[in-house]
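Participant: any chance you could fold what I've pasted below:
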Amino acid sequence: MKTILLIGTATLICQITSAQEIYSGQFRDGIPHGFGILDYNDGSYYQGMFKNGFPNGPGTFCDAKGEKTTGVYEQGEFGYDYQVVENSKLFDLVSEIDSSSNLNSMSIDIEFLKKPKNRSQYIIAPLGEFTINGVQVSAGIMNKTEGFRTRKHEGKKISPSEIDYAFYLKRYDERTPKSMFRSKTGFCKSGGNDGTNNGEFVSVLHEFELHKGIYTLYLSRVPKSFKIKGVVHSYLRMDIYDHKNEEGFFIGAVAIPGTTFHLGNQLNTFVSTHTSACDIVDLPSSEFKIGNLFVNEQPQSFFDSYCQYSYSIPQFSKAEFIEDYMSVTCNIGEAYKSASVIFEENGFKSFLIYHPIFESNE
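Facilitator: Numbers count the residues shown, from 1 in each chain. The predicted model follows:
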């Protein structure tokens, strides 16, 4: 690991060059401090946190051959492997969507360009976080999980079934058995806080074998209404279409209060760990494309979209918009250089817009 102390101007974001190195990033008192990228003339680079001029904190060193070492650095030297805590977001794409009319249906495609490695517990959620009538809902794929064949599993000595890969549909702030409806061959699960700090939840799951290719996630409102604890509810159901095998299957449904569904205007697409902590080398690597987002059969663009990260987690993914923002290609599995960075006091957001300040790193 190479180390050099660079002295530059005391600006928040700038770039300085020496005979052998180029540094782009944050400064304090004229020296690199905060997040930055240090490029060496042999093609190697360090990306991550700096303190008083030295790589210090979460970061990645990439040698001239492209081999990367991600971990925690201490005063310019590699300290120890970086461990990702449980329920940690690795990638979070925030998008604004049309919420001007009541929701009847919503769909999105996810195309796996390569199959994720099934090493650690993770979630890939094209419809990761959004709200209907103020209730938070999530839909996507998770691995190494479990589920029950009966809705009335809580408080009973029933062993759950282990599931390798599953499509899931989840809503928060409810755990009544009547608030979930599983398919005949599917599973369900409910409980207290699942690590996302969203409180109680109910979910329905359906096991499947993940392969390369396109899956369409389709959510729709079931017109029939019913009451839970005296409050009128309607079901939101989820169906999947597997384009490779040309087959569709019903996942299940969760209850949402109300007879009409009002969709919130923000959608989060994310990849995260779940349940257990793991070393960064055990995290999944995958490349997939998300697109063809429709609300009420009307196409949506990923306008005003960006990726957000925090100081505490090494940047673990990149995303590129294509086809006039109708789709985005995501690559998960190793640290990447930022295309553009806007720094904040307690964190930073890595926007998907090219910025000339990092031209030398592209």
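Participant: look up how far residue 69 lies from the closest residue in space to residue 279 that isn't next to it in sequence.
Facilitator: Spatial nearest neighbour of residue 279, chain neighbours left out: residue 81 (5.1 Å); criterion: Cβ to Cβ, 6 or more residues apart in numbering. C-beta here means a position set from N, CA and C on the backbone, and glycine is covered the same way. Using Cβ to Cβ, to the nearest Å, residue 81 is found at 9 Å from residue 69.
Participant: now do the residue nearest the centre of the chain against residue 94, distance only.
Facilitator: Nearest to the mean C-alpha position of the chain, by Cα atoms, centre = their mean, lies residue 270 at 1.8 Å. When Cβ to Cβ is applied, the distance between residue 270 and residue 94 equals 9 Å.
Participant: same thing with residue 148?
Facilitator: Note on residue 148: its distance to residue 94, by Cβ to Cβ, is 33 Å.
Participant: where are the low-confidence patches of the stretch 101-250 of the chain?
Facilitator: Low-confidence segments of the stretch 101-250 of the chain, defined by pLDDT under 70: 118, 193-198.
Participant: so which residues of it form strands?
Facilitator: Here the stretch 101-250 of the chain has its strands, by DSSP state E, counting those that start in this stretch, at 105-114, 122-132, 135-147, 161-172, 180-182, 187-191, 201-207, 213-228, 231-242, 247-257.
Participant: next, the buried residues of the longest one.
Facilitator: In other words, strand 213-228. Within strand 213-228, the residues scored as buried using 16 or more other Cβ atoms under 10 Å are 214-221.
Participant: list the contacts for the residue lying closest to residue 183 once chain neighbours are set aside?
Facilitator: Distances taken as Cβ to Cβ, 6+ apart place residue 250 nearest to residue 183, at 4.7 Å, with adjacent residues excluded. Contact partners of residue 250, counting by Cβ atoms under 8 Å, 6 or more residues apart in numbering, are 183, 186, 206, 237-239.
Participant: for residue 21, state which of those is nearest.
Facilitator: Within the contacts of residue 250, distances to residue 21 taken as Cβ to Cβ reach their minimum at residue 238, with 51.1 Å.
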